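J.: predicted model, plus sequence, below.
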Amino acid sequence: MHVQVEQLQAQYSEQNAQGDDADKQRMAEIERDLRYFNQRLQSAHVVSSTSEDKVQIGSWVTFADEDSVEQRVQLVGEDQADAGSQLINWASPLGKALLGASVGDEVTWQRPVGDAVIEVINIEAGD
């Protein structure tokens, strides 16, 4: 994310250096993007410890639903989330249900289609 901020700052400087010839619309877009990325950086959480005792951001978690169907997901930050790749936002309903759980814990996953009770089967430290 730091790279995006640096690139945007360079683009803004280039536009600003053009003075009256600068693309005002582009400058406004760059300013908007800079505000967004700077807010994201300020709200970022650093995860320094890894544990296989409790689910935390970065953990790979295998869980089973009430029908014993198992799924394996990794809890990640909002910017890395990609459900198709099993990368789940830690602040999502599933992430919130799993965060802090231990192997053997049953937690409630609050879903729009109805709550589901899931059991944590395995926890692996993230890469």
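T.: That came through fine. Residues are numbered from 1 along each chain as shown.
J.: for Ile30, see how far away the residue located most distally from the centre of the chain is.
T.: When each C-alpha in the chain is compared with the mean C-alpha position (Cα atoms, centre = their mean), Asp20 comes out farthest, at 40.2 Å. Counting by Cβ to Cβ, to the nearest Å, the separation of Asp20 from Ile30 is 17 Å. C-beta coordinates here come from the backbone N, C-alpha and C atoms, glycine included.
J.: so what's the residue positioned nearest the centre of the chain scoring on pLDDT?
T.: Centroid-nearest residue in the chain: Gly77, 1.7 Å away (criterion: Cα atoms, centre = their mean). Among the per-residue scores, Gly77 shows a pLDDT of 85.
J.: roughly how far apart are it and Ala64?
T.: Counting by Cβ to Cβ, the gap from Gly77 to Ala64 is 25 Å.
J.: next one: Val113
T.: With the distance defined as Cβ to Cβ, Val113 ends up 18 Å from Ala64.
J.: before we move on, what about Gly126?
T.: Distance from Gly126 to Ala64, by Cβ to Cβ: 20 Å.
J.: next one: Asp82
T.: Noted for Asp82: a distance of 22 Å to Ala64, by Cβ to Cβ.
J.: no further questions, thank you.
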